[in-house]
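>>> Sequence plus predicted model, see below.
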Amino acid sequence: MRQYWLMKSEPDEVSIDDALAAPKRTISWFGVRNYQARNFMRDLMKVDDGVLFYHSSCAVPGIAGVARIASAPYPDTTQFDKKSPYFDPKAAPSEPRWTAIDVEALESFPVITLSDLKAEPTLEKMRVLARGNRLSITPVTSDEFRFITTRLSKRAR
DNA sequence: GCCAACGTTGGC
DNA sequence: GCCAACGTTGGC
């Protein structure tokens, strides 16, 4: 069954529009260095899963577009690169510890802001809104995904 | 820049 | 295995 995810990116690094402008509208989602988020990518994500593309650490945090998972998970090569900020001295190519995955951008829309999301009773259980949540990848229910991509994204236009 | 919340590390 | 110290996230 198709699953749904919210993935946080800093738009200064990669925005939804950057992803839409990339070859095949597809970017490699690398740099995840949290085991729980890694496990979602490595163990649960499947091609064609739906993705809410979230902009974080920016002026207007919120959901800025929709994407889909476009590959199987594969080792994040930045973990082996001494010059990368994502270098992990404990990772070895024979035993990769961190995972990347390809994400294909489908659509951008005016940001559905964090306060918009918090104001929706329908979304009160949304994982990304839970108190203290810091995970950069969180599961989204099919109802939440549908509500956001059909109703909220239209309202924002 | 502040700071709450949470994850990781490492001494014991 | 405990837990204090430290580092990171991310909204504000």
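Yes, it's here. Residues are numbered from 1 along each chain as shown, chains lettered A, B, ... in the order given.

>>> Can you tell me which residues in chain A are near DNA strand C?
Proximity of chain A to DNA strand C, by Cβ under 7 Å from any atom of the strand, involves residues A:Lys8, A:Arg33, A:Ser56, A:Ser57, A:Cys58, A:Pro61, A:Leu114, A:Ser115, A:Arg134, A:Leu135, A:Ser136. Every C-beta, even on glycine, is put in place using the N, C-alpha and C of the backbone.

>>> Neighbours of the fourth one, how many?
Look at A:Ser57: counted by other Cβ atoms under 10 Å, it has 11 neighbours.

>>> Now do the contacts for it.
Residues near A:Ser57 by Cβ atoms under 8 Å, 6 or more residues apart in numbering: A:Glu10, A:Asp12.

>>> Now which of the residues of chain A next to DNA strand C would you call buried?
Neighbour-count burial within these applies to A:Lys8, A:Arg33, A:Pro61, A:Leu114, A:Leu135, A:Ser136; the criterion is 16 or more other Cβ atoms under 10 Å.

>>> the helices in chain A, which residues?
Per DSSP state H, chain A carries helices over the ranges A:16-21, A:35-39, A:114-118, A:142-146, A:153-155.

>>> got TSV for those, with mean pLDDT and distance to A:Ala72 too?
Output for the helices of chain A, formatted as TSV (pLDDT from 0 to 100; distance: least, Cβ to Cβ, whole Å):
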stretch	mean pLDDT	distance to A:Ala72
helix A:16-21	97	19
helix A:35-39	95	15
helix A:114-118	95	30
helix A:142-146	96	21
helix A:153-155	73	28
